[in-house]
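Chemist: Next input, structure requested:
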Amino acid sequence: MELNTFLTYYSLYNKQLGWFLGAGASRSANMPSATDIIWDLKRRYYCQKENREITDNDLSNSHVKDTIQSYFTSLDAPEIWSKNEYSYYFDLVLGSDENLHQRYLEEILHKSKISLTSGSKILASLMYQGLARIVYTTNFDHVLENAYSYMTQENLHSFNLEGAYAVNDALNSEEFPIYAKMHGDFKYTKLKNLPEHLIENDKKIEESLVNTFTRFGMIVCGYSGRDENVMNAFNRILEQNNPFPNGIYWTKPIKGSLFEGVEEFIAKAQDKGVNANIVEIETFDSLMSRIWKIIPKKPKDQDSKIRISVSKKTKIEKFERGNKYPTIRTNLFPIVTLPNEVNLIDLKQDISLQNFSKLLRDSKSGALMTQLSGSSILAWGSKEDYYKIIPKSEINNISIVPFEKYSEKISTDTHIKSFFIRGMVYALLKDKPVVLKRRYRDYYAVVSKKHKNFKNIEPLLKNAINSYRNDDIVRRLSKGIYYMESVEIIFEEFDGKYWLGLRPEIWIEPKNKRRDYKKFIREKNKHRYNKIQNELLDAWKEILLGKESTASISAFHEEIEVNPKFTFSTRTAYSKRL
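Modeler: Residues are numbered from 1 along each chain as shown. Reported below is the predicted structural model:
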């Protein structure tokens, strides 16, 4: 179902629709999802057994994850994304001690970590207004309770395993809003993480779930269908006389995926005559913001609390062009032309985002790819490199299409934007004496002393930084730890134009030791003000873009048929005082 169609249904039937939330609905509030918790448990066990420093194993690093997963594969642990991963790792790491489970969850879900966002605030307000009268969740956290208290100055009572007997009474007497936790509240000892407990939901909570959704339709958000017991409960509802009378609307991120059981459940519901749909959304917060916009007569005090957290596009009035000093040089270079063509790969069958991401990680391919849908992929590079990621036998067709129709979505589609930036970075770094590094989601070009052309760039950078003292651009700081000059590569959109940003930076290798060398970095940066920053920017401009007034560079060598080519102006943007 299209999102706009769902919003129409919601506006007409909101009082007859109940909500079912998974961990994805709390993730933007800084709460971990089930997948996050699984990886945390894996890391704890791996580091303890292998005598590794836990702070050196950053889970944002795909190589760290691959190493940890390989370790568990050797132990015949459940396959990644399998349904029993969650209970397996709780049992493996924390054993059968329920108090230990409680203590762990208190730590990882502590209320001090909660950062309320628009989504939870909006849902809390809808509950208060009677527009979301009943909410079930698999979550242990207190995001919704905190949001409700913030929005209404009242408390939201949650029904959990210790108080399950009361939820049916509340439903029958229509004591809304009702908020029920299917896996129990972590403040209580009756938790549902051990394998033997996951077989069956608490009967009274499950009974209330069945009763609820034979009266209400259901909106599912932030839940992938991982838990077999929850899915069994949903299927049990379908066996009733009047299942989901106002439909099922199972939301999922545009590039996300659901467990197989979800599609089977939706198909089964449709066979029963239920208006069952999968609705693609961007995020839980974006969905709630869309809903908030169609709510009439919003409480003004609550609306003002939500407005401060709703993203707005800032409009800054432009000034007339200045003609007075001082002249300020920026670090932004105009991107004059974009690539003309791209390969569109049509697969014989759909592939999930998780499986596609795994193929990209596991392959040793130089191709650039991004997924448009389950069976459509955009790519730059050689076909031989494509086949290293996706076997030729699984590809239906590879065609060349104009990139223009996709470049228009750079501002709105994060996957296409990331694909475009990677193409630009590949082009900038091709054949340069630098190596590509990542920190968080940012790209850096770091000087490589081992590259055959290192001597070509060494004088440029040394002249820039040596205007105040003699220094090297690469230095060993201690055993296995190095400092190197680098530049952060930034992509910016402004005034309907695209810009390349270059920001000179100091790199510490390995990157997880950076915090240990804060004093060193501070000393290095202490004298890098206008003159030196200007010279460093000139040096990096010459290294990456050359000496001409424009630079036309491509990501691959000439023999590659579909090769993204970019043209940059090598004159930065300037500003003058009015």
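Chemist: any idea how far the closest residue to residue 373 other than its chain neighbours lies from residue 438?
Modeler: By the measure of CB to CB, 6 or more residues apart in numbering, the closest residue to residue 373 outside its immediate chain neighbours is residue 350, 7.8 Å from it. C-beta: built from backbone N, CA, C; applies to glycine. Applying CB to CB, to the nearest Å, the value for residue 350 to residue 438 is 29 Å.
Chemist: can you pull the contacts of residue 159?
Modeler: Under the criterion of CB atoms under 8 Å, 6 or more residues apart in numbering, the contact partners of residue 159 comprise 166-167, 170, 178-181, 205, 208.
Chemist: which strand residues sit across from it in the sheet?
Modeler: For residue 159, the beta-bridge partners are residue 180 (DSSP bridges).
Chemist: quick check, nearest of the contacts of residue 159 to residue 128?
Modeler: Using CB to CB, the shortest approach to residue 128 within the contacts of residue 159 belongs to residue 179, at 11.7 Å.
Chemist: Can you tell me how far that closest one is from residue 509?
Modeler: For residue 179, the distance to residue 509 - CB to CB - is 49 Å.
Chemist: Mind checking which of the two has more residues around it?
Modeler: Neighbour tally, residue 179 and residue 509, criterion other CB atoms under 10 Å: the higher count belongs to residue 179, 24 against 18.
Chemist: if we can go back for a sec, would you format the contacts of residue 159 as a markdown table with pLDDT included?
Modeler: Written out in a markdown table, the entries for the contacts of residue 159 read as follows (pLDDT from 0 to 100):
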| residue | pLDDT |
| --- | --- |
| 166 | 72 |
| 167 | 73 |
| 170 | 79 |
| 178 | 91 |
| 179 | 92 |
| 180 | 89 |
| 181 | 86 |
| 205 | 78 |
| 208 | 86 |
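Chemist: ok, which pair from those is furthest apart?
Modeler: Farthest pair in the contacts of residue 159, by CB to CB: 170 and 181, 13.7 Å.
Chemist: Of those two, give the one with the bigger neighbour count.
Modeler: In this comparison of residue 170 against residue 181, neighbours counted by other CB under 10 Å, the higher total goes to residue 181 at 27 against 19.
Chemist: Could you pull up the residues touching that one?
Modeler: Counted by CB under 8 Å, 6+ apart, residue 181 has contacts 136-140, 158-161, 205.
Chemist: Where is pLDDT lowest across those residues?
Modeler: Among the contacts of residue 181, residue 161 has the lowest pLDDT, at 57.
Chemist: Could you pull out the helices in the stretch 151-300 of the chain for me?
Modeler: Residue ranges of the helices in the stretch 151-300 of the chain, as given by DSSP state H, counting those that start in this stretch, are 165-172, 195-198, 203-212, 228-238, 260-271, 284-293, 300-307.
Chemist: Least confident of the ones you listed, on average?
Modeler: Lowest mean pLDDT within the helices of the stretch 151-300 of the chain: helix 195-198, a mean of 49.
Chemist: okay if I get the contacts of residue 159 as CSV plus distance to residue 488?
Modeler: Below are those laid out as CSV (distance: CB to CB, whole Å):
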residue, distance to residue 488
166, 56
167, 52
170, 54
178, 50
179, 44
180, 47
181, 44
205, 50
208, 53
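Chemist: now, among these, which is nearest to residue 88?
Modeler: Distances from residue 88 to those, taken by CB to CB, are shortest for residue 181, at 22.2 Å.
Chemist: From residue 110, how far out is the closest one?
Modeler: Residue 181 is 17 Å from residue 110, where distance means CB to CB.
Chemist: just residue 218 next, same as before
Modeler: From residue 218 across to residue 110, the span is 30 Å (CB to CB).
Chemist: go on, residue 475?
Modeler: Distance of residue 475 to residue 110, computed by CB to CB: 41 Å.
Chemist: quick revisit: with distance to residue 387 added, can I get the contacts of residue 181 in a markdown table?
Modeler: Shown next, in a markdown table, are those (distance: CB to CB, whole Å):
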| residue | distance to residue 387 |
| --- | --- |
| 136 | 46 |
| 137 | 44 |
| 138 | 40 |
| 139 | 42 |
| 140 | 45 |
| 158 | 52 |
| 159 | 54 |
| 160 | 52 |
| 161 | 52 |
| 205 | 50 |
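Chemist: What is the nearest of the residues you listed to residue 54?
Modeler: Taking CB to CB as the measure, residue 54 sits nearest to residue 140 out of those, at 22.7 Å.
Chemist: ok, residue 218 and residue 110, which is more surrounded?
Modeler: In this view residue 218 and residue 110 are compared by other CB under 10 Å, and residue 218 has more residues nearby, 25 against 12.
Chemist: Could you check the pLDDT of that one?
Modeler: Note on residue 218: pLDDT of 97.
Chemist: likewise residue 323?
Modeler: In the prediction, the pLDDT value recorded for residue 323 is 79.
Chemist: Please apply the same query to the one 10 residues further on.
Modeler: We have a pLDDT of 96 for residue 333.
Chemist: Same question for residue 227.
Modeler: Among the per-residue scores, residue 227 shows a pLDDT of 80.
Chemist: Without its sequence neighbours, what residue ends up closest to it?
Modeler: Closest residue to residue 227 apart from its sequence neighbours, by CB to CB, 6+ apart: residue 138 at 6.5 Å.
Chemist: what do you get for residue 435?
Modeler: Take residue 435 and drop its neighbours on the chain: the residue closest to it by CB to CB, 6+ apart is residue 448, 4.8 Å away.
Chemist: Could you verify my assumption that the one you found touches residue 437?
Modeler: No: Residue 448 lies out of contact with residue 437 (CB atoms under 8 Å); the separation is 10.3 Å.
Chemist: and for these two, which residues touch both?
Modeler: Going by CB under 8 Å, 6+ apart, no residue sits against residue 448 while also sitting against residue 437.
Chemist: Just the element for residue 357, please.
Modeler: Under the criterion DSSP states H and E, the helix or strand holding residue 357 is helix 353-362.
Chemist: Following element in sequence after that helix, please.
Modeler: From helix 353-362, the next helix or strand downstream (DSSP H and E) is strand 368-373.
Chemist: ok now that next one, how far from the chain's centre?
Modeler: In terms of CA atoms, centre = their mean, to the nearest Å, the centre of strand 368-373 is set 16 Å apart from its chain centre.
Chemist: elements contacting it?
Modeler: For strand 368-373, the elements it packs on are helix 353-362, strand 376-380, helix 414-429, judged by 3 or more CB pairs under 8 Å, 6 or more residues apart in numbering; DSSP states H and E.
Chemist: Mind putting those into a markdown table with distance to residue 334?
Modeler: Formatted as a markdown table, the entries for these read as follows, by distance: least, CB to CB, whole Å:
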| stretch | distance to residue 334 |
| --- | --- |
| helix 353-362 | 31 |
| strand 376-380 | 22 |
| helix 414-429 | 13 |
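Chemist: Can you add mean pLDDT and give these back as TSV?
Modeler: Formatted as TSV, the entries for the helices and strands packed on strand 368-373 read as follows, by pLDDT from 0 to 100:
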stretch	mean pLDDT
helix 353-362	83
strand 376-380	93
helix 414-429	92
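Chemist: can you put these in TSV and add mean neighbour count?
Modeler: As requested, the helices and strands packed on strand 368-373 are exported to TSV (neighbours: other CB atoms under 10 Å):
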stretch	mean neighbour count
helix 353-362	15
strand 376-380	21
helix 414-429	20
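Chemist: Leaving out the residues flanking it, which one is nearest to residue 54?
Modeler: Per CB to CB, 6+ apart, closest to residue 54 is residue 47, 4.5 Å.
Chemist: same for the host helix or strand of the one you found, what does it pack against?
Modeler: Applying DSSP H and E as the criterion places residue 47 in helix 34-49. Contact partners of helix 34-49 among helices and strands, from 3+ CB pairs under 8 Å, 6+ apart: helix 62-74, helix 85-94.
Chemist: Outline the domain layout of the chain.
Modeler: Segmentation of the chain into domains, based on automatic domain parsing, reads 3-30+116-306, 34-108, 313-337+407-578, 341-402.
Chemist: quick one, which of the ones you listed is packed in tightest?
Modeler: domain 3-30+116-306 (a mean of 19; mean count of other CB atoms under 10 Å).
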